[in-house]
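Novice: Got a predicted model here, sequence first, then my questions.
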Amino acid sequence: MTMRGMVAACVALGSNLDDPKAQVERGFTALAQLPHTTLIARSRLYRTPPWGVIEQPDFINAVALLETSLPPRGLLEALLAIESRAGRVRGVRNGPRTLDLDLLLYGDSKLQEPGLDLPHPRLHQRAFVLLPLNDVAPKLEVPGQGRVGDLLARVDTAGCHAAD
């Protein structure tokens, strides 16, 4: 927890369609405009290879550090609304997308609910999440996994490069 009921939350942003850099930048802007939420820090942009379905364009990925008084489910719903406004169509799992916003962390919460797992269950395995997360919070403790910087040292970052 931070001041007056505010909680630190981390959100991953990613895009590989329709001018991905611009999509991610618009994502940052939309996050900064969420009610009861402040954008505290943003990572650099990273160009990363696709995960899962590999026959698709590279992604632009980033992470936002927020302070919010929105509850986890409310924040997730706000992220889904931003994706929808960006033209996100959910089709192939791990397929191409205009904008993907994943709630990675919400304070030190550990939740497992339909459609909402905190911390994000695979964040500790993914260079495209850990690289930008390390930009904004290298000493942050991922509940049940360890510090971001230590987790980053354990993953393969080949193919991931700063894009900005």
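Specialist: Arrived safely, thanks for sending.

Novice: Please make it C-alpha for all contacts and neighbour counts, starting now.
Specialist: Fine.

Novice: and the nearest residue to Leu79 once chain neighbours are set aside, what does it touch?
Specialist: In this structure, Leu79 finds its nearest non-sequential neighbour in Leu101, 6.0 Å apart by C-alpha to C-alpha, 6 or more residues apart in numbering. Residues near Leu101 by C-alpha atoms under 8 Å, 6 or more residues apart in numbering: 11-14, 79-80, 83.

Novice: On the three-state scheme, Leu105 is what?
Specialist: Following DSSP: H, G, I helix; E, B strand; the rest coil, Leu105 is assigned to strand.

Novice: gap between it and Ala12?
Specialist: Counting by C-alpha to C-alpha, to the nearest Å, the separation of Leu105 from Ala12 is 10 Å.

Novice: ranges for the helices of this structure?
Specialist: 20-32, 72-85, 127-136, 148-153 (DSSP state H).

Novice: Going by neighbour count, which residues of the shortest one are buried?
Specialist: Right, helix 148-153. Neighbour counts over helix 148-153 (16 or more other C-alpha atoms under 10 Å) mark 148-152 as buried.

Novice: ditto for the first one
Specialist: Judged by neighbour count (16+ other C-alpha under 10 Å), helix 20-32 contains these buried residues: 20-21, 23-24, 27-28, 30-32.

Novice: for it, packing partners?
Specialist: Under the contact criterion of 3 or more C-alpha pairs under 8 Å, 6 or more residues apart in numbering; DSSP states H and E, helix 20-32 touches strand 7-15, strand 37-42, strand 59-68, helix 72-85.

Novice: now for the helices of the chain, which one comes closest to Ala163?
Specialist: Closest approach to Ala163 among the helices of the chain (C-alpha to C-alpha): helix 20-32, 8.6 Å.
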